[in-house]
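Student: I'd like to go over a predicted model; first the sequence, then the structure.
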Amino acid sequence: MKSVQALLAALALLLFSLFATPVLAYDQPSVNLGFTSFLDGGPPAGPGLYFSEYLQYYTADKLEDLPFADPEIEALVSLNQFIYQSDQELLFGGKWGLDVIVPLVKLDSNVPQVPDNGSGLGDVLVGPFLQWDPVMGDKGPLFMQRIELQLILPTGKYSDKKALNPGSNFFSFNPYWSGTLFLGPKMTVSTRLHYLWNAKNNDPNSPTATKDSQAGQAFHGNFSANYEVIPKMLRLGINGYFFKQISSSEEDGNKISAKEKVFAIGPGALLSFSPDTHLFFNAYFEQDAEYRPEGERYLMRLVHHF
């Protein structure tokens with residue numbers, strides 16, 4: 001009897017070590033991974049009101065560092081973004097603006113141990129920002145940049161019984177700097193660099209009786225380079241993103257050693273119908289993921305200036 005009890009105890013400990021710690025590493029909120037790419041350092045048509053509609057399809061057949069055979073995770077995301085860019089200088093020559101994003105999310109998982117919470121509202125993002133006018137040269141713009149203080153609000157659909165949720169159930173602070181450098185009249189390179197801080201989740205999804213958890217801090221960013229193939233109409237290039245967790249997540253104040261990371265790169269295109277209406281196409285293929293899904297991301301984004 002004692003040997004059976006010892007075997008069961010060892011099995012329970014093994015299952016806990018396989019499932020509990022890695023799953024807790026899958027706790028970062030949804031952030032901008034590849035949603036923005038070309039010419040990210042400034043709005044395409046100056047001050048005014050903008051509306052952007054993002055449609056993203058994400059699919060992953062790997063859950064890195066989790067012992068599940070043939071997993072399939074899918075996400076379909078619609079982001080509805082409203083941006084107001086003023087023409088009024090506020091600080092150091094930067095003109096103030098406001099960014100609001102309302103996401104709708106549909107999730108699907110075939111892994112019984114990673115149940116999804118279906119469709120629903122995601123976490124609303126609100127971001128006041130400063131946009132600087134382009135630095136001009138003899139042949140046009142040379143550089144443009146922006147700073148935004150993004151707040152990710154825990155408004156999304158959430159259940160502690162589900163591992164995949166449209167909402168995160170905690171507040172995040174996700175400020176960024178973005179810039180675009182013009183390498184001549186036809187070629188540009190852009191980047192967007194984020195810092196991510198997460199508050200506690202007081203109702204986490206956990207295989208143990210966890211009272212609260214806190215996802216670790218992270219850096220993440222987007223990068224792109226493009227060339228104008230058809231003047232004022234078509235740009236082609238490459239785009240990518242990275243995510244790197246830099247501090248440990250915690251469960252009831254205890255640090256978890258696993259940290260998330262991923263890198264992705266792929267082709268992109270920008271089709272301009274007019275100075276006020278633009279359509280982006282982006283594809284990303286992930287690699288080197290740790291403690292998070294690894295898959296493919298496809299994005300279409302329509303931007304209109306009123």
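Tutor: Good, I have the coordinates.
Student: any weak-confidence spans in the stretch 1-150 of the chain?
Tutor: For the stretch 1-150 of the chain, the stretches with pLDDT under 70 are 1-25.
Student: look up which residues are beta-bridged to Lys106.
Tutor: Leu76, Ser119 (DSSP bridges).
Student: which residues sit in contact with it?
Tutor: Residues counted as contacts of Lys106 (C-beta atoms under 8 Å, 6 or more residues apart in numbering) are 75-77, 118-119. Placement of C-beta: from N, CA and C, glycine included.
Student: what's the farthest-apart pair in the residues you listed?
Tutor: By the measure C-beta to C-beta, Val77 and Gly118 form the most distant pair in the contacts of Lys106, at 13.6 Å.
Student: let me have the contacts of Lys106 in TSV, extended by neighbour count.
Tutor: Formatted as TSV, the contacts of Lys106 follow (neighbours: other C-beta atoms under 10 Å):
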residue	neighbour count
Ala75	21
Leu76	15
Val77	20
Gly118	15
Ser119	13
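Student: strands of the stretch 151-300 of the chain, start to end?
Tutor: 151-152, 172-173, 176-182, 187-198, 200-201, 213-214, 218-230, 234-245, 249-251, 254-256, 261-274, 277-290, 293-305 (DSSP state E, counting those that start in this stretch).
Student: tell me how far the fourth one lies from the chain's centre.
Tutor: Here strand 187-198 shows a centroid-to-chain-centroid distance of 11 Å under the convention C-alpha atoms, centre = their mean, to the nearest Å.
Student: mind listing what's buried in it?
Tutor: Of the residues in strand 187-198, 188-192, 194-196, 198 count as buried by neighbour count, 16 or more other C-beta atoms under 10 Å.
Student: between that strand and strand 218-230, how many degrees?
Tutor: Here strand 187-198 runs at an angle of 160 degrees relative to strand 218-230 (axes from the mean of the first three to the mean of the last three C-alpha atoms, to 10 degrees).
Student: repeat for the last one
Tutor: In this structure, strand 293-305 runs at an angle of 60 degrees to strand 218-230, with the same axes, to 10 degrees as the basis.
Student: so what touches strand 293-305?
Tutor: Contacts of strand 293-305 (C-beta under 8 Å, 6+ apart): 33-35, 43-46, 48-64, 73, 262, 264, 275-287.
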